[in-house]
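K.L.:
predicted model, plus sequence, below.
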Amino acid sequence: MPDKPGLLTRVIAGFKGEVPAATLEAMQKAGIGVYQVLDEVEVLRRGMAVEGIDPWSASEAVSAQQLYSWNAFVLQTLGDKMIEADYRADARTAGYLPQITAEQVWAFFGQVEGWLSLARQAAANPGFRIADPRELPADLPGWV
């Protein structure tokens, strides 16, 4: 993530019609929880493998935890990579994003916490049940 954008960056971004990315960068930082949950799921998966439990034999709660974690990971990664790609494409406006890019990243990041919450619920409740399996995996938000 770039330092606080300077005057020249703000002027160039203004001429290009770009918007500040501070809120999205904060959401990106908060996304560290995705990687922590994904690590927990990987430890769980390895433990199951050692015990000879294949993914198809896992409890619904364990399967849900894994699935929800991966949904969060995919959405977080897509948002992260869009920000990174924009900053690489024009380092002069790092800290700002084109409006359409900002909207798309928001659509990705806006879903992450919901999936993380479900993953944590499934991890905490051995009797957890998937409410509607037809809603899985997550649909990607439409392109802005």
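P.N.:
Alright, I've got the coordinates.
K.L.:
what's Y96 sitting at in phi/psi?
P.N.:
Dihedral pair for Y96: phi -130, psi 150, per degrees, to the nearest 10.
K.L.:
ignore what I typed, I meant G6.
P.N.:
When read as degrees, to the nearest 10, the backbone of G6 gives phi -80, psi -180.
K.L.:
roughly how far apart are it and G95?
P.N.:
9 Å (Cβ to Cβ, to the nearest Å). Just so you know, the C-beta spots here come from the backbone N, C-alpha and C atoms, and that holds for glycine as well.
K.L.:
the two: who's more crowded?
P.N.:
Residue environment comparison for G6 versus G95 gives the larger neighbour count to G95, 19 against 10, counting by other Cβ atoms under 10 Å.
K.L.:
buried sites along the helix or strand containing E113?
P.N.:
When secondary structure is defined by DSSP states H and E, E113 falls within helix 99-124. Of the residues in helix 99-124, those with enough neighbours to count as buried (16 or more other Cβ atoms under 10 Å) are 101-102, 104-109, 111-113, 115-116, 118-120, 122-123.
K.L.:
same check on stretch 16-27?
P.N.:
E18, V19, A21, L24, E25, M27.
K.L.:
what of stretch 42-54?
P.N.:
L44, M48.
K.L.:
I'd like the average pLDDT over that stretch.
P.N.:
Looking at stretch 42-54 alone, the average pLDDT works out to 92.
K.L.:
likewise for stretch 99-107?
P.N.:
Per-residue confidence for stretch 99-107 averages out to 94 on the pLDDT scale.
K.L.:
for A21, see how far away the residue nearest in space to the middle of the chain is.
P.N.:
In the chain, the residue lying closest to the centroid (Cα atoms, centre = their mean) is Q76, at 1.6 Å. Between Q76 and A21 the distance is 16 Å, computed by Cβ to Cβ.
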